[in-house]
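Student: need a structure here:
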Amino acid sequence: MAKGAYKKWKERRNEGRRKVGCFDFKIYRLASSGDVPMLHPRVVMDAGERLDCNLVEKIFRGEDPLEIRCDDDVKIVLQDVQLAMLKQEVNWGDESF
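Tutor: This is a model prediction of the structure:
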């Protein structure tokens with residue numbers, strides 16, 4: 001997924017980063033229609049349409065989406081946001097995993 005992280009203009013931007021997408025992976029959600037890939041543009045669009053800032057803050061603070069009182073379809077978007085945050089932290093964050 002992140003093969004070009006050290007090429008051309010990205011080299012300067014990612015200098016000194018330890019991981020730079022080395023552990024990049026795709027996440028799929030199981031749905032009745034089949035596997036749905038977690039794509040950042042879709043997650044951002046869904047979150048913008050379905051969630052308010054308070055819900056996103058709860059996820060950012062580490063609350064479990066399944067324990068938040070809301071509709072089931074909103075919980076799915078919350079889970080997608082949580083997975084997107086995790087994916088970005090594993091691949092691009094400074095934390096040691």
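
Student: and the helix or strand containing residue 57, what's its mean pLDDT?
Tutor: For residue 57, the element it lies in under DSSP states H and E is helix 53-60. Mean pLDDT, helix 53-60: 94.

Student: Mind giving me the packing neighbours of the helix or strand following that helix?
Tutor: The helix or strand immediately downstream of helix 53-60 is helix 72-92, counting by DSSP H and E. Helix 72-92 sits against strand 28-31, helix 40-50, helix 53-60, with contacts defined as 3 or more CB pairs under 8 Å, 6 or more residues apart in numbering; DSSP states H and E. No exception for glycine: its C-beta is placed from N, CA and C like everyone else's.

Student: quick one, the last one and helix 72-92 angle?
Tutor: Compare the direction of helix 53-60 with that of helix 72-92 by axes from the mean of the first three to the mean of the last three CA atoms, to 10 degrees and you get 50 degrees.

Student: Just list what helix 53-60 packs against, helices and strands only.
Tutor: helix 72-92.

Student: re earlier: any chance of the helices and strands packed on helix 72-92 in TSV, plus distance to residue 93?
Tutor: Converted to TSV, these look like this (distance: least, CB to CB, whole Å):
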stretch	distance to residue 93
strand 28-31	22
helix 40-50	15
helix 53-60	13
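
Student: Alpha carbons only: can I get the helix holding residue 57 in CSV?
Tutor: The C-alpha atoms that make up helix 53-60 are tabulated as CSV, following Å, rounded to 0.1, in the frame of the first residue of the first chain:
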residue,chain,number,x,y,z
CYS,A,53,-18.1,15.7,16.7
ASN,A,54,-19.0,14.3,20.1
LEU,A,55,-19.3,10.8,18.8
VAL,A,56,-15.9,11.0,17.0
GLU,A,57,-14.3,12.4,20.2
LYS,A,58,-15.6,9.4,22.1
ILE,A,59,-13.9,7.1,19.6
PHE,A,60,-10.7,9.1,19.7
